[in-house]
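J.: sequence first, predicted model second:
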Amino acid sequence: MKEDQEKLICRKIKCEHLVQDRWIDFRKCTYELPDGTESGPYYQFTRRDYAVIVARDDEGRFLCVRQFRPGLEAVTTEFVAGGLEPADGKKHLAGDADAVPEDALEAAVRELREETGYVADSWQKLISIPSYATMSDNYAHLFFADKCRKVSEQSLDEEEFLSVVKYSGEELEQLIREGGFQQSVHMLAWFLAKEYMRAAGEEW
């Protein structure tokens, strides 16, 4: 298996940074293919790793947020999520090798409280998975937060505008089936959280 993988590896020959700021490092790269030929351009980008939280309150309802997403130019419904901040608090450029991110669970706890005003009594890591392996090198860290209770109002960034909505498990399932829950990685988080709950002997 390892030998087969090594035969498929491509070697990066050159790379041009088209955009690099604190949010994204967008690059155009050329690779040497396994047969020795050169191929490109391959476009790739680096953004922060981020956390996604499937959060259930003490009444058994799941916390979601609605916000405008420029990619779709539409308001989406999704779980609470947010990027891992640099651990040193500095504003590093995206792709900076010296920018060590904060712990994923710490980021999840912070994002849940900031976006909803809720804290959770129980946290379970579900998976860390590449966010978009075709073009990006960042990871999504998925969590299940249970027994959530409201302790404060939202504490949003200046550019954040979102509202909190709650769904039962049945309502969330229907929303997904109807195409009203638009984030694919968030859908994965939901299915893994359901699996975790069932393994623990309960239903959503």
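T.: Cool, got the structure. Numbering: from 1, shown residues only.
J.: pull the longest helix from this structure.
T.: helix 184-199 (DSSP state H).
J.: could I get the average pLDDT for that helix?
T.: Mean pLDDT, helix 184-199: 96.
J.: now swap in stretch 34-46 and tell me
T.: 95.
J.: one more: stretch 60-79?
T.: For stretch 60-79, mean pLDDT is 96.
J.: swap in stretch 132-148?
T.: 96.
J.: and it, how far apart are its ends?
T.: By C-alpha to C-alpha, to the nearest Å, the extent of stretch 132-148 from end to end equals 30 Å.
J.: buried residues, it. List them.
T.: Asn138, Tyr139, Ala140, His141, Leu142, Phe143, Phe144, Ala145, Asp146, Cys148 (16 or more other C-beta atoms under 10 Å). Placement of C-beta: from N, CA and C, glycine included.
J.: swap in stretch 184-193?
T.: Val185, His186, Leu188, Ala189, Trp190, Leu192, Ala193.
J.: now the residues you listed as a markdown table including distance to Val100?
T.: Shown next, in a markdown table, are the buried residues of stretch 184-193 (distance: C-beta to C-beta, whole Å):
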| residue | distance to Val100 |
| --- | --- |
| Val185 | 23 |
| His186 | 26 |
| Leu188 | 26 |
| Ala189 | 25 |
| Trp190 | 30 |
| Leu192 | 27 |
| Ala193 | 28 |
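J.: what is the nearest of the residues you listed to Lys125?
T.: For the buried residues of stretch 184-193, the residue nearest Lys125 by C-beta to C-beta is Leu192; the value is 10.1 Å.
J.: now do the contacts for that closest one.
T.: By C-beta atoms under 8 Å, 6 or more residues apart in numbering, the contact set of Leu192 is Leu126, Ile127, Leu142, Phe144.
J.: farthest-separated two in those residues?
T.: Ile127 and Phe144 (10.5 Å).
J.: domain ranges for this structure?
T.: 2-46, 50-199 (automatic domain parsing).
J.: out of those domains, deepest packed?
T.: Stretch with highest mean neighbour count among these: domain 50-199 (a mean of 16; mean count of other C-beta atoms under 10 Å).
J.: what's the spacing between that one and its chain's center?
T.: Put simply, domain 50-199 sits 7 Å off its chain's centre (C-alpha atoms, centre = their mean, to the nearest Å).
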